[in-house]
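Peer 1: Generate a structure from the sequence data that follows.
(2 chains)
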2 protein chains.
Amino acid sequence: MRNWSTQKEALALRRYAGQRYACGKSVALDDLPQFLEAVLRPGDRVCLEGDNQKQADILAKALANLDPGKIHDLHMVQSGVVLPEHLDVFEKGVAKRLDFSYSGPQSTRIARMLSGGKIELGAVHTYLELFARYFIDLTPQVALIAAVSADRDGNLYTGPNTEDTPTVVEATSFKSGMVVAQVAEIVDKVPRVDIPGDLVHFVVDAKKPFYVEPLFTRDPGAITETQILTAMLAIKGLYAPYGVRRLNHGIGFNTAAIELLLPTYGEKLGLKGKICTHFALNPHPTLIPAIEAGWVEQIHSFGSEVGMDDYLSARSDIFFTGPDGSLRSNRAYCQVAGLYACDMFIGSTLQIDLQGHSSTVTTNRIAGFGGAPNMGSDSRGRRHPSEPWLKAGADADPNAAAGLRRGRKLVVQIGETFGEKNVPLFVEQLDALELADKLDLDLAPVMIYGDDVSHIITEDGIANLLLCRDNDEREQAIRGVAGYTDVGRARDRKMVERLRARGVIRRPEDLGIDPLDADRRMLAARSIKDLMLASGGLYQPPSQFRNW
Amino acid sequence: MRNWSTQKEALALRRYAGQRYACGKSVALDDLPQFLEAVLRPGDRVCLEGDNQKQADILAKALANLDPGKIHDLHMVQSGVVLPEHLDVFEKGVAKRLDFSYSGPQSTRIARMLSGGKIELGAVHTYLELFARYFIDLTPQVALIAAVSADRDGNLYTGPNTEDTPTVVEATSFKSGMVVAQVAEIVDKVPRVDIPGDLVHFVVDAKKPFYVEPLFTRDPGAITETQILTAMLAIKGLYAPYGVRRLNHGIGFNTAAIELLLPTYGEKLGLKGKICTHFALNPHPTLIPAIEAGWVEQIHSFGSEVGMDDYLSARSDIFFTGPDGSLRSNRAYCQVAGLYACDMFIGSTLQIDLQGHSSTVTTNRIAGFGGAPNMGSDSRGRRHPSEPWLKAGADADPNAAAGLRRGRKLVVQIGETFGEKNVPLFVEQLDALELADKLDLDLAPVMIYGDDVSHIITEDGIANLLLCRDNDEREQAIRGVAGYTDVGRARDRKMVERLRARGVIRRPEDLGIDPLDADRRMLAARSIKDLMLASGGLYQPPSQFRNW
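Peer 2: As a prediction, the model looks like this:
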């Protein structure tokens, strides 16, 4: 007779072992190392909550300090590899295998450790893809998560930065795994129950808030006039003709510029109510002026943003908020919303090649994918029509039989032909290919594949790749907006002119835009302080962004 | 000064109005009509929980009986249109506009009402797509949901059929909408908290369980030898060579046959542990013999299935179960799992055309999409490799540059060349096109588009569409497995032979399969009673399936 309850029994043993160091569900900070050694087993699949924003930092630190003689060969399955401790666990031999999604600040070290054999790589995922695998073949046996507060029964309040927590807990706890939460305080009653206590086995009182990174704050003061020009092109040449109302923005300065031009340039063009009404978006401070001017109807968010909490509470008609008044974010649902309910994804990248493939990977950095490839791909399972989606589909396939005509998602890459430190955006070959070769990866870490990209925008103009009928046209359309980069200078001038005549490439002047009008005075806010003022003082910028 | 809290204020007014008919959060069944009239407003966007399985039937009935003079023009946003009452609300003028996903039993009536102008159609979605829009532009203002039990604080136990509820509640309640739940009983303490009481405003004691449909039960007694042959082809010609371990099955008899052949035919082929280890799947009773024989490691489910509850509780190593021991299902997460973490979707359909487009729509039925187009589409945002996915990608594009090679999802259509009542599976043109024309739809209701389909399996053989290099090859590959249907008889014999020589078409004999071996004795269970016995009596078949 096979035992079909081995997982429930293993959980009972873990709970029993952990109970030695706990009072009820509460584990004291001092007992954390012994507690973790008691509940963990070598080889466990562990999710140490590292989102791109909030971090279970106290649990990370404790995990990294465990004795690898006792706890080793852990398989880490977590969306963000962000804190140094996330890699220390591998350096010290506590963990061995890694499946992840995003590694912004650790991208150089992770690449070094991968090539040095310190980490056995499972795969680099998008967020939604890793969440998907939590339910199929990468289910955590132990989840170490972060919340704001807990009550004595283990009910958790995750607060505005709910992010990955509900998904991680659902996969772990309902598959007989153990859930341990760090919280800033234990209270009699939590402001709202984000995670029912039933699903939480132990709570560690960290005595201080979890670490959270202001990842989505862009200082308007750093937006260049070239970025303003690309934003004008996007609004007049793309948002307006397609009538894009449901969308997601990336986190770069180009999209921040778009947000700040809505109440000025967008207003002048008469686009209010016609574009940018519904977002899947983190609470970008640069969207405050557009919200205040009445442009935006609704925003669902992946996470929160440092300093935005009071503003979000005061704008409950726009944002999702709980009965307690604070923001409710949820990365899994917001990624789904970005994939299936948005007509456009627009973001920046580091490199674009001649086929339109793009990547943020360079030869010595693996930044991971985050959510971009999920939202920046044509969602072929989509079945509901909308104007922008049908128009993009008609661009791509004007001869499709009526009824069998499909829509297309607008997937837009926006940037300057020369980026930071004058590095060209356009390249003959992505560095990602060299990296894949070096690390012997099955797939090069391409952020967005060329055949999913519908448009590329630079200060040189807009290339509509949907209108290209073959690979040659596609390549020349890309070269045609690549300016004075090597890729741009190698263009076939005649073919580029023909593409322009057909509207495949549209220059600023073709759209009636004078580049000299791209002036910082057009920004609805020109500094972080302006954003704070626009919010009526509700936005409280984090200290590193305050210079007044 | 704009008021930014109109939604919270409207909710407060609704709660106040509802409170007249409630004691605490409890509404008595007799007061339900007055209560609903008090909390609803004409034009409200309402989600009346109708999944494909469980139904908020008491709330549906009450809604359909409201006075359209008071409550009218509701916009219904719900995944399933299943009960007669779901359409009665339109017939009576209480509701006007509809956005939905699935309408199995009401598919004929819905088509009639659409063409009669009784319903204003938003769109037909997949589940995940409608859930996505709940967070962007179709957020319910009122959700009428179903649960097993509630406590006095409104904490809900949804039980094994959790399904859509967490998603509906999250979207509604966190956007200041009102949530009303019908429950079978109010208890002192719920077995587990599936929905925190914070998010639930009123509870109706329906005094009986919600209605639930055994939608995923297939009687092995009804499986034909032709279906067994297609199942043998699938296992030996597809599952084995690709090594498919993570997958989703449709609900037809062909896939039921596959499930029942694993412990017999699959065992003989030495495939245990090499295929079918991880599923995104409802608890199909026909999978019991394979589970008992140790084939399956883990299953995550969209919903539950009538009669399976005790079996699921007793198999917690395989299924997701709560701390109370009962199944935890979740349609949103399971659809995400099917989309991004599975390498194969295989299902049946009613019609396939010459391009491989398929549809379950006929000229007078709109069945909706459910989850098939979501899971049955190539997930282009996927970035993690697996053997089957890479092999399918190499089939489709053998010359792709290393590193830039992408994988492909296996999307398989399986069926007999002549289906029920001898209706041919293959057609020159889908009925869906005629319907789209008749109802003036932007998109014909195509279930799965041909360019997403990787293989078609009939008793005639397997057509590997990934290996086809142009539309002609594709058409002949399809004709080549279309048997004696008109489509099959119009094949170009020479081209079909060439395709067979290249392995694009593989006949049973090419795979060493003798059609005469396709015998019902190969099924691991040949009746519902066999399934019950295989489960050790844990599976309790619903009465309509008991004939002993």
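
Peer 1: now A:L229: how far from A:Q78?
Peer 2: Per Cβ to Cβ, to the nearest Å, A:L229 is found 39 Å from A:Q78. The C-beta positions use only the backbone N, C-alpha and C, and glycine is treated the same way.

Peer 1: Kindly report the same for A:G273.
Peer 2: Between A:G273 and A:Q78 the computed distance is 41 Å (Cβ to Cβ).

Peer 1: Could you check which of these two is surrounded by more residues?
Peer 2: Between A:G273 and A:Q78, counting by other Cβ atoms under 10 Å in any protein chain shown, A:Q78 is the more crowded of the two (26 against 11).

Peer 1: Assumed the more buried one was part of a strand.
Peer 2: Yes - assignment of A:Q78 by DSSP: H, G, I helix; E, B strand; the rest coil places it within a strand.

Peer 1: who's in contact with it?
Peer 2: Counting by Cβ atoms under 8 Å, 6 or more residues apart in numbering or on different chains, A:Q78 touches A:V46, A:C47, A:L48, A:E49, A:G50, A:H86, A:F100.

Peer 1: which of these has the weakest pLDDT?
Peer 2: Within the contacts of A:Q78, A:G50 has the lowest pLDDT, namely 88.

Peer 1: Could you check how far that one is from chain B?
Peer 2: Per Cβ to the nearest Cβ, to the nearest Å, A:G50 is found 18 Å from chain B.

Peer 1: what's near enough to touch that residue?
Peer 2: A:A56, A:A60, A:Q78, A:S79, A:G80, A:V81, A:V82, A:L83, A:H86.

Peer 1: Compute the distance between the residue found closest to it once you drop the neighbours it is linked to in the chain and A:E163, please.
Peer 2: What sits nearest to A:G50 in space, not counting adjacent residues and going by Cβ to Cβ, 6 or more residues apart in numbering or on different chains, is A:G80, at 3.9 Å. Distance of A:G80 to A:E163, given as Cβ to Cβ: 10 Å.

Peer 1: So what's the residue count around A:G325?
Peer 2: A count of nearby residues for A:G325, using other Cβ under 10 Å, gives 16.

Peer 1: Is it within a helix or a strand, and which one?
Peer 2: Element membership for A:G325, per DSSP states H and E: none, as it lies in no helix or strand.

Peer 1: right, and it touches A:D310 too?
Peer 2: No - the criterion here is Cβ atoms under 8 Å, and A:G325 misses it with A:D310 at 9.8 Å.

Peer 1: so what sits against both of those two?
Peer 2: Here A:G325 and A:D310 have no joint contacts, going by Cβ under 8 Å, 6+ apart.

Peer 1: Give me the domain ranges for chain A.
Peer 2: Residue ranges for the domains of chain A, per automatic domain parsing: A:12-212, A:220-532.

Peer 1: average model confidence for the longest one?
Peer 2: In this case it means domain A:220-532. Averaging pLDDT along domain A:220-532 yields 96.

Peer 1: Let me know the secondary structure of the residue lying closest to A:T126 once chain neighbours are set aside.
Peer 2: Nearest residue to A:T126, sequence neighbours excluded (Cβ to Cβ, 6+ apart): A:N374, at 4.2 Å. Here A:N374 is recorded as helix under three-state DSSP.

Peer 1: From B:R383, how far off is A:N374?
Peer 2: A:N374 sits 9 Å away from B:R383, going by Cβ to Cβ.

Peer 1: list residues touching both of the two?
Peer 2: A:T126, A:E129.

Peer 1: Do you have the helices of the stretch 301-450 of chain A handy? List them.
Peer 2: Taking DSSP state H, counting those that start in this stretch, the helices of the stretch 301-450 of chain A run over residues A:309-313, A:331-340, A:372-375, A:387-396, A:431-439.

Peer 1: nearest to B:G93, of the ones you listed?
Peer 2: Closest to B:G93 of the helices of the stretch 301-450 of chain A, according to Cβ to Cβ: helix A:387-396, at 29.2 Å.

Peer 1: in the closest one, what's buried?
Peer 2: For helix A:387-396, the neighbour count (16 or more other Cβ atoms under 10 Å in any protein chain shown) marks A:P388, A:W389, A:L390, A:K391, A:A392, A:G393, A:A394, A:D395, A:A396 as buried.

Peer 1: Which secondary structure elements does it sit against?
Peer 2: Counting contacts by 3 or more Cβ pairs under 8 Å, 6 or more residues apart in numbering or on different chains; DSSP states H and E, helix A:387-396 packs against helix A:240-242, strand A:410-414.
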